[in-house]
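J.: need coordinates for the following:
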Amino acid sequence: MQPLLSLLTINKADAKSVYLQLAEQLTTLIRTGTLPAGHRLPSTRKLSELLKLHRKTVIRAYDELLAQGWLESTSGSGTYVSKSLPDVKPQHLAQHTMQAINPVKTAGFTFEEETHLAREVIKVSATYHLDDGFPDARLFPLKDLSRAYRTQLLIGNPYTRLGYDDPQGSAWLREELATYLKDTRGLKVTAQNILITRGSVMGLYLACTALLKKGDIVITGAPGWAGADTNFIQAGAELIRIPVDDYGLQIEHLEQLCQLKPVRMVYVTSHHHYPTTVSLRADRRIQLLALADRYKFIVFEDDYDYDFHYENKPLLPLAGADLSGLVLYCGSFTKTISPAFRIGYLVGSEDVIKHLARLRRTIDRQGDIMLENAMAELLQNGIIQRHLRKSLRLYRQRRDLFCHLLKSELSDFLEFKIPEGGMAVWVKFSSTINLTELAQKALKRDLYFSNGVAHNSSDKKLNATRFGFASSTPQELEDCIAILKQLLKDKS
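T.: Numbers count the residues shown, from 1 in each chain. Coordinates of the predicted model:
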């Protein structure tokens, strides 16, 4: 009895119930073989006296283990460790070995860690930020969204409203999106051509998983987006990068590759190339679609910030001129509201969308139907459209101010071109500037920006980064430039 008592430690100050503490500790002793199958336990009266617990507490612990099958009780005989349990021999491990094993931190089985998945998760807490090109969430009519979301929660048949829905996404949102995409992008689609996702990344992941096989060739621009590259590599594709110049993807390089190898997919950010912000010129758009039709490869068009183009009307997406069903068009409300609201959409031929919806169901039964319907209401009422018109005006003003400040205050240290659209400026620093070191020093001054390493390739260091301007007010942008100017002057 005494050895058993030394193994049971009850902490009455613990938030966990005393009977659960006792039950879990007895279970551990059974699992490790300290209490073998068939071992008779002390009576509830005896154990309660020895542990100085109320007898009902011990009875409740015993009842819990009886219900779970760890114990069995024989009338008039007592309570025993279940005889049906396998024999477990207690293991006497060396002290250093016991300390090395921590199943909370380290799995007992082996697995291969893929280096391409080891991307840093960035969560910015600095007061000032020249981010990757995010919207200013302070501008969005959150009260309207809150009101619409509350309506979805409270109005209508609760069984239908709060039950399972279509993995393809809210039918209402898809109907509203079909109208919205037709009016703003010239896409002649219906709700059946749209799959609602939790952002552009999910759309890309589904397309890569469902449509690529190991060894398939995927073409993307250099520089490009590491998030897209990760999905291609994860799918087992062979990734080939071709140059991007001031007019976008160099299509002549793509044509040469098509003549040599069977290209399966081309990933393109046609409206504002990521990260450089340049637009794919009209003649290259025509050539790209012609090559896709000739060689039957998929064009994945990631149109992440179509709604923000300042110099003239936005160039219509490739998907609008696709007559062969070869373009998958992807967009997101992330750049409209904020990254916290995970609603994106994938547009394509009905059969492909249905196929991708089936795959989506295996990893995510459905999205946030409440949020999707709330967004549908805001689209139907024109609230999002009005917000975009207001944001477009303000973001253009912020772009103009920021580019003026970059030129007037920092032109000795960097160069850039004023972007026609989007929410960031592609900035190339002088070779004398250590961009990684500069970013670290800026963070100590409460200013965050990317050090640009993610845009480098194995054979080329760009010493460039994206400075997002849309999420900051004019005063905040002036403060950012002041911090940068002081750091760069101290360096020089």
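
J.: just the helices in the stretch 351-492 of the chain please.
T.: Here the stretch 351-492 of the chain has its helices, by DSSP state H, counting those that start in this stretch, at 369-380, 383-410, 435-444, 474-491.

J.: and the last one, what's buried?
T.: Right, the one you point to is helix 474-491. Counting neighbours by 16 or more other C-beta atoms under 10 Å, one finds that the buried residues in helix 474-491 are E476, L477, D479, C480, I481, I483, L484, L487, L488. Every residue, glycine included, has its C-beta placed from N, CA and C.

J.: again with the second one
T.: Residues of helix 383-410 classed as buried by neighbour count (16+ other C-beta under 10 Å): 383-384, 387, 391, 395-396, 398-399, 401-403, 405-406, 410.

J.: with the third one instead?
T.: Buried residues in helix 435-444, counted by 16+ other C-beta under 10 Å: L435, L438, A439, K441, A442, L443.

J.: how much space between the residue of the chain most remote from its centre and L29?
T.: Distance from the C-alpha centroid of the chain, by C-alpha atoms, centre = their mean, peaks at G76 (60.3 Å). Shown here: G76 relative to L29, a distance of 25 Å by C-beta to C-beta, to the nearest Å.

J.: same question for S77.
T.: 21 Å.

J.: same question for S75.
T.: Using C-beta to C-beta, one gets 24 Å for the distance from S75 to L29.

J.: so between the two, which is more surrounded?
T.: Shown here are S75 and L29; by other C-beta atoms under 10 Å, L29 has more neighbours (19 against 5).

J.: show me what contacts that one?
T.: Contacts for L29 (C-beta atoms under 8 Å, 6 or more residues apart in numbering) come out as L4, L7, L35.

J.: do you know how far the last one is from S84?
T.: In this case it means L35. According to C-beta to C-beta, L35 and S84 sit 14 Å apart.

J.: okay if I get the helices of the stretch 351-492 of the chain as CSV plus mean pLDDT and distance to L328?
T.: Putting these into CSV (pLDDT from 0 to 100; distance: least, C-beta to C-beta, whole Å) gives the following:
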stretch, mean pLDDT, distance to L328
helix 369-380, 93, 20
helix 383-410, 95, 23
helix 435-444, 95, 34
helix 474-491, 93, 36
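
J.: out of the ones you listed, nearest to L257?
T.: Checking the helices of the stretch 351-492 of the chain against L257 by C-beta to C-beta gives helix 435-444 as the closest, at 31.5 Å.

J.: the inter-axis angle of the closest one versus helix 474-491?
T.: Calculated by axes from the mean of the first three to the mean of the last three C-alpha atoms, to 10 degrees, helix 435-444 forms an angle of 120 degrees with helix 474-491.

J.: packing partners for helix 435-444?
T.: Applying 3 or more C-beta pairs under 8 Å, 6 or more residues apart in numbering; DSSP states H and E, we find helix 435-444 packed against strand 447-449, strand 464-468, helix 474-491.

J.: switch the cut-off to 10 Å
T.: strand 128-130, strand 424-429, strand 447-449, strand 464-468, helix 474-491 (3 or more C-beta pairs under 10 Å, 6 or more residues apart in numbering; DSSP states H and E).

J.: out of those, nearest to L239?
T.: strand 464-468 (21.1 Å).

J.: partner strands of the closest one, with direction?
T.: Sheet pairing for strand 464-468, assigned by DSSP bridges, gives strand 424-429 (antiparallel).

J.: quick one: L414 from K428, how far?
T.: 6 Å.

J.: who has more neighbours out of these two?
T.: L414 (21 against 17).

J.: in the sheet, who's paired with the more buried one?
T.: For L414, the beta-bridge partners are F429 (DSSP bridges).

J.: check E301 too.
T.: Residues in beta-bridge contact with E301 (DSSP bridges): V268, Y329.

J.: quick one: the helices in the stretch 151-300 of the chain?
T.: Under DSSP H, counting those that start in this stretch, the stretch 151-300 of the chain gives helices at 158-161, 171-185, 200-211, 226-234, 251-260, 282-295.

J.: just those helices: most buried one?
T.: Among the helices of the stretch 151-300 of the chain, the stretch with the highest mean neighbour count (mean count of other C-beta atoms under 10 Å) is helix 200-211, at a mean of 21.

J.: for it, name the packing helices and strands.
T.: Using 3+ C-beta pairs under 10 Å, 6+ apart: helix 200-211 touches strand 194-197, helix 226-234, strand 263-268, strand 298-302, strand 327-332, strand 344-347, helix 350-363.

J.: how about those in TSV, adding distance to E64 and mean pLDDT?
T.: Putting the helices and strands packed on helix 200-211 into TSV (distance: least, C-beta to C-beta, whole Å; pLDDT from 0 to 100) gives the following:
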stretch	distance to E64	mean pLDDT
strand 194-197	44	96
helix 226-234	44	93
strand 263-268	55	97
strand 298-302	54	96
strand 327-332	48	95
strand 344-347	46	96
helix 350-363	36	95
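
J.: nearest to L204, of these?
T.: helix 226-234 (5.1 Å).

J.: who does that closest one touch, helix- and strand-wise?
T.: Using 3+ C-beta pairs under 10 Å, 6+ apart, helix 226-234 sits against helix 200-211, strand 217-222, strand 238-245, strand 263-268, strand 298-302.

J.: angle of it against helix 200-211?
T.: Calculated by the same axes, to 10 degrees, helix 226-234 forms an angle of 20 degrees with helix 200-211.

J.: isn't S431 up against N463?
T.: Yes: the criterion here is C-beta atoms under 10 Å, and S431 meets it with N463 at 6.3 Å.

J.: tell me which of the two has more neighbours.
T.: Neighbours were counted for S431 and for N463 using other C-beta under 10 Å; N463 has more, 20 against 8.

J.: under the pLDDT cut-off, which ranges of the stretch 101-250 of the chain? List them.
T.: For the stretch 101-250 of the chain, applying pLDDT under 70 flags no range at all.

J.: one more pass at 80, please.
T.: 101-103, 118-123 (pLDDT under 80).

J.: nearest to S279 among the buried residues of helix 474-491?
T.: Proximity of the buried residues of helix 474-491 to S279 (C-beta to C-beta) peaks at L477, which lies at 23.8 Å.

J.: identify the residue spatially nearest to the closest one, adjacent ones excluded.
T.: F402 (5.1 Å; C-beta to C-beta, 6 or more residues apart in numbering).
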